[in-house]
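Sequence and predicted model, in that order:
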Amino acid sequence: MKILVAVKRVIDYNVKIRVKADGSGVETSNVKMSMNPFDEIALEEAVRLREKTIAKEIIAVSIGNAGCNETLRNALAIGADRAIHIPVDQDVQPLMVAKILKALAVNEKPQLILLGKQAIDDDSNQTGQMLAALLDWPQATCAFKIDVLQDKARVACEIDGGLETVDVTLPAVITTDLRLNQPRYASLPNIMKAKKKPIETLTLDQLSVTIRPGLRVVKVTEPPKRQAGVKVKDASELVDRLRKEAKVI
Ligand code: AMP
């Protein structure tokens, strides 16, 4: 089985996000970037499927500026067999990514496409669903457990009050949730080996895809600052304030 894993380069989750002064977006220059955490989980799952000899080849793909090469290098060190960079200079939106991944899937013919359930920069949670719709493939989202059984995958996902299990016929699109696995760190020898592996570049022209933004960012602002708390002298003042100021009772 061939698995395609979509890995997005995002601002590292430890970085305190700064909004640009003109409100056009968030500051990305001189900011630590990393692989989207949900995509690390998707890649880890693919590597585990290869270790179980269910998967033969893992292809990591990243869409975006030249920085994606670093993310793909990391994907190779973690265990991807091949890496494909699709250069796009503008901000990539979920529908654009889904169209690009569809074109790639038509060329590569994977039996499984793994994506994170969401990218932590836009929090869209849309790309996997759009991709499945464009390909007309079954989809299972927010995977907590994946078992591949011949021509189908059994996927459990956490829902309110329990687990929901669905069977999807392969080829399928699966998006991964946080508790699916604990991604491994790339070992030093694998990091060294990954440096020698080539990263393929495929242009939108080569994929015969044209993309245009369907969304326009109007304004980006910081969340409102939290107001300082106050100390009340007794319970009756608390109740009084909750009633008159907070209007919650
Ligand atoms: P989103 O729908 O934007 O929340 O993203 C969901 C998933 O789609 C991510 O976790 C990635 O697996 C994939 N994805 C989104 N954007 C990209 C990108 N530019 N390059 C590669 N994969 C992406």
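All right, it came through fine.

From here on, just use CA atoms for contacts and neighbour counts.
Fine.

any idea how far stretch 188-206 is from the chain center?
19 Å (Cα atoms, centre = their mean, to the nearest Å).

That one vs the ligand: in contact?
No. On the criterion Cα under 6 Å from any ligand atom, stretch 188-206 is out of touch with the ligand, staying 12.9 Å away.

Show me the contact partners of that stretch.
69, 72-74, 76-78, 82-87, 100, 210 (Cα atoms under 8 Å, 6 or more residues apart in numbering).

quick one: pLDDT of residue 6?
On pLDDT, residue 6 comes in at 98.

so what's it up against?
Per Cα under 8 Å, 6+ apart, neighbours of residue 6: 39, 60, 61, 62, 113, 114, 115, 116.

can you do 10 Å?
If you count contacts by Cα atoms under 10 Å, 6 or more residues apart in numbering, residue 6 has them with 36, 39-40, 42-43, 59-63, 72, 84, 97, 101, 113-116, 127-128, 175.

Show me which residues of this structure sit near the ligand.
Residues of the chain lying near the ligand (Cα under 6 Å from any ligand atom): 6-8, 38-39, 61-64, 92, 94, 97, 115-119, 122-128.

Restricted to strands, list those residues.
Counting by DSSP state E, the residues of the chain next to the ligand place 6, 61, 62, 63, 64, 115, 116 in strands.

Give the rounded mean pLDDT of the helix or strand where residue 77 lies.
Residue 77 is located in helix 68-78, with elements delineated by DSSP states H and E. For helix 68-78, the mean pLDDT works out to 97.

Same check on stretch 123-142?
Rounded mean pLDDT across stretch 123-142 is 98.

mind listing what's buried in the helix holding residue 77?
For helix 68-78, a neighbour-count test (16 or more other Cα atoms under 10 Å) marks 68, 69, 71, 72, 73, 74, 75, 76, 77, 78 as buried.

Ok, stretch 6-17 next?
Buried, per 16+ other Cα under 10 Å, within stretch 6-17: 6, 7, 8, 9, 10, 11, 12.

which strands and helices sit next to whichever helix or strand residue 58 is part of?
Following DSSP H and E, one finds residue 58 within strand 57-64. Using 3 or more Cα pairs under 10 Å, 6 or more residues apart in numbering; DSSP states H and E, the elements in contact with strand 57-64 are strand 2-6, strand 9-11, helix 37-51, helix 68-78, strand 82-87, helix 94-108, strand 112-116, strand 199-201.

Adjacent strands (with direction) for the first one?
Right, strand 2-6. Based on DSSP bridges, the pairing partners of strand 2-6 within the sheet are strand 57-64 (parallel), strand 112-116 (parallel).

can you give me the angle the shortest one makes with helix 94-108?
Going back to what we said before, that points to strand 112-116. Interaxial angle of strand 112-116 relative to helix 94-108 (axes from the mean of the first three to the mean of the last three Cα atoms, to 10 degrees): 150 degrees.

Helix 37-51 and strand 112-116, what's the angle between them?
Going by the same axes, to 10 degrees, strand 112-116 makes 150 degrees with helix 37-51.

ok, now the longest one?
Our comparison of strand 57-64 with helix 37-51, counting by the same axes, to 10 degrees, yields an angle of 160 degrees.

Mind exporting the C-alpha coordinates of strand 57-64 to CSV?
Written as CSV, here are the backbone C-alpha positions of strand 57-64 (Å, rounded to 0.1, in the frame of the first residue of the first chain):
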residue,chain,number,x,y,z
GLU,A,57,5.8,3.4,0.6
ILE,A,58,5.1,6.7,2.4
ILE,A,59,5.1,10.0,0.4
ALA,A,60,5.1,13.2,2.4
VAL,A,61,3.8,16.3,0.6
SER,A,62,3.9,19.9,1.6
ILE,A,63,2.4,22.9,-0.2
GLY,A,64,3.8,26.4,0.4
